[in-house]
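Asker: pasted the sequence and its predicted model underneath.
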Amino acid sequence: MVEILLCGNRKVFDGALTQLISMTNRTKEVLHVHLMTMDLSRLNPDYVCMTEEQISLLNQVVRKKNPDSLVERLDVTEWYERELGGCINEGTYCTPYTLLRLLADEIPKVPDKLLYLDIDIMIADDIRKLFDIDITDYEYAAVKEKYGCWLIRPDYFNAGMLLLNMVKIRETGLLVRARELIRSKKLLFADQSALYQCTTKKLLLPRRYNEQSKFDREDTVVCHFCKRLMFRPYPHTENYKQWQVEEIHRYLHCHTFDRDLEEYQVWKQDMERRMKR
């Protein structure tokens, strides 16, 4: 079984749907997806939980490929408010939902090994190639941040993909200390910076496990549609997500996931038809 951790709200359902379609199209193993969500509408009316109907559709997607797979919805509103609510990093550079990965040790019956993935990720190969990497002696495995490893520190990593050793994390108290730091100090990249500063021992993996720019490499396992810094024709950033099909074709010239995205559109249309009834 592959244990996956996703975090998000109702508005990023398309990310979870596209990601799980790409994963199940390349991985035959049973998937147990822990999907953390929360209601933070006190900050933004769009910050509401992913709905039961959305979770039901995600379960249909994963069970179509393996009937034993499961997407489990975890409403962590209470945990978040107790641990991080109102903290000085709540206005993070992304959304407060990025902070939810710091609550991984609070998951009921937390597995010994857990693969966290950002919602703007697509899977280009069997995810077991990543999940099966031995991290016995490390708190987690990650890939260097494309820009951060040059601008911040050579070993600065991108927290969009974290292969978590929950046994070691409980021993070192990594997430407990990271939450304490999040509550007490304003950080440039919030949870990512907190994890970096509190880490005892990490394993850095090749970029194929969190590719952040070129999505047509044959050996790539994880493709991350994160914000990119561009220098031509003038310095600017681009932030196209995989479910923005026209944009990733036109601007990223990415066709790696065309079959997955065609399937996504079928599932999405089916859900919209059912909601109108």
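Answerer: Received, thanks.

Asker: C-alpha only now, for contacts and for neighbours.
Answerer: Fine.

Asker: can you pull out the strands in the chain?
Answerer: 2-7, 31-37, 70-75, 113-117, 121-123, 140-144, 157-165, 202-205, 222-224, 228-230, 236-238 (DSSP state E).

Asker: any idea which of those gets closest to Thr98?
Answerer: The minimum distance between Thr98 and the strands of the chain falls on strand 2-7, with 7.2 Å, by C-alpha to C-alpha.

Asker: strands paired with the closest one, and their directions?
Answerer: The pairing partners recorded for strand 2-7 under DSSP bridges are strand 31-37 (parallel), strand 113-117 (parallel).

Asker: CA atoms only: put the last one into CSV for me.
Answerer: The C-alpha trace of strand 113-117 is given here as CSV (Å, rounded to 0.1, in the frame of the first residue of the first chain):
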residue,chain,number,x,y,z
LYS,A,113,5.8,6.3,6.0
LEU,A,114,3.8,8.9,4.3
LEU,A,115,4.3,10.7,0.9
TYR,A,116,3.2,14.3,1.0
LEU,A,117,2.4,15.9,-2.4
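
Asker: now the angle from that strand to strand 140-144?
Answerer: Strand 113-117 and strand 140-144 are oriented at 30 degrees to each other (axes from the mean of the first three to the mean of the last three C-alpha atoms, to 10 degrees).

Asker: 188 is where my numbering starts, stick with that
Answerer: Will do, 188 is the new start, and the previous item becomes strand 300-304.

Asker: circling back to that earlier point, go through the strands of the chain and pick out the most buried.
Answerer: Among the strands of the chain, strand 308-310 has the highest mean neighbour count (mean count of other C-alpha atoms under 10 Å), at a mean of 27.

Asker: from the chain's centroid, how far away is it?
Answerer: 9 Å (C-alpha atoms, centre = their mean, to the nearest Å).

Asker: that strand packs against which elements?
Answerer: In terms of contacts (3 or more C-alpha pairs under 8 Å, 6 or more residues apart in numbering; DSSP states H and E), strand 308-310 is packed against helix 200-211, strand 409-411.

Asker: so how far is Asn345 from the residue nearest the centre of the chain?
Answerer: For the chain, the residue nearest the mean C-alpha position is Asp305 (1.5 Å; C-alpha atoms, centre = their mean). Separation of Asp305 from Asn345 (C-alpha to C-alpha, to the nearest Å): 10 Å.

Asker: now do Ile435
Answerer: The spacing between Ile435 and Asn345, counted by C-alpha to C-alpha, is 21 Å.

Asker: OK, contacts around the closest residue to the residue nearest to the centre of the chain other than its chain neighbours?
Answerer: Of all residues not flanking Asp305 in the chain, Gly347 sits nearest, at 4.8 Å (C-alpha to C-alpha, 6 or more residues apart in numbering). Applying C-alpha atoms under 8 Å, 6 or more residues apart in numbering to Gly347 gives the contacts 303-305, 397, 411.
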